[in-house]
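Trainee: everything below, folded, please.
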Amino acid sequence: MTFAKPSNWKAKMDDMDKRLIGALRHNARASLSDLAASLGLTRATVRARLAKLQERGDILGFTVVMKEDRLSDPVRGLMMIAIEGRGTDRILRHLAGMPEVRRVYSTNGRWDVIVEIGTDTLERFDQILFQVRRLEGVTASETSLLLSTRKDS
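Mentor: Below you'll find the predicted structure:
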């Protein structure tokens, strides 16, 4: 579920919001009680912060990462992305919330970010590329499909 951002949206995450998101990245299924205990907050405070983060669009959804997702995807690729201005943090947060995004790398040179994407079909891969290209601040992209693995670490 996503929420539209109001036209005057300028909200900033504080350190506690960042810690909450870090805890959710570690375990998105953690209960409010467990999150509250690990962060030193009350359940009501955690619930209110989660609602605020969802309403602002900082949290776009919750997902499960399965062992098999890490091992292989039928369709894999690297998307190189150029970002204008100061939109990098917002775009990185959005990318981190996409379950098909396996890894995000910062880099130098022409591209600001390289994203590893894994999906079950070419059609879904294309949808993900389209979503990323539509993000405000993305000025250019180039994508290469990964055809085979010649050496694995």
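
Trainee: which regions of this structure lie under the pLDDT threshold?
Mentor: By pLDDT under 70, the low-scoring segments of the chain are 1-11, 64-72, 151-153.

Trainee: tell me where it has helices.
Mentor: Ranges of helices within the chain are 15-26, 32-39, 43-56, 67-71, 88-96, 122-133, based on DSSP state H.

Trainee: centre-most residue in the chain?
Mentor: Residue closest to the mean C-alpha point of the chain, counted by Cα atoms, centre = their mean, is A96 at 1.6 Å.

Trainee: quick one, what contacts it?
Mentor: Applying Cβ atoms under 8 Å, 6 or more residues apart in numbering to A96 gives the contacts 25, 104. Using the backbone N, CA and C atoms, a C-beta is placed for each residue, glycine as well.

Trainee: hmm, 10 Å instead?
Mentor: Listed by Cβ atoms under 10 Å, 6 or more residues apart in numbering, the contact set of A96 reads 21, 25, 60, 104.

Trainee: for the residue nearest to S38 when sequence neighbours are not counted, grab the count of nearby residues.
Mentor: Spatial nearest neighbour of S38, excluding adjacent residues (Cβ to Cβ, 6 or more residues apart in numbering): A23 at 5.8 Å. A23: 16 surrounding residues under other Cβ atoms under 10 Å.
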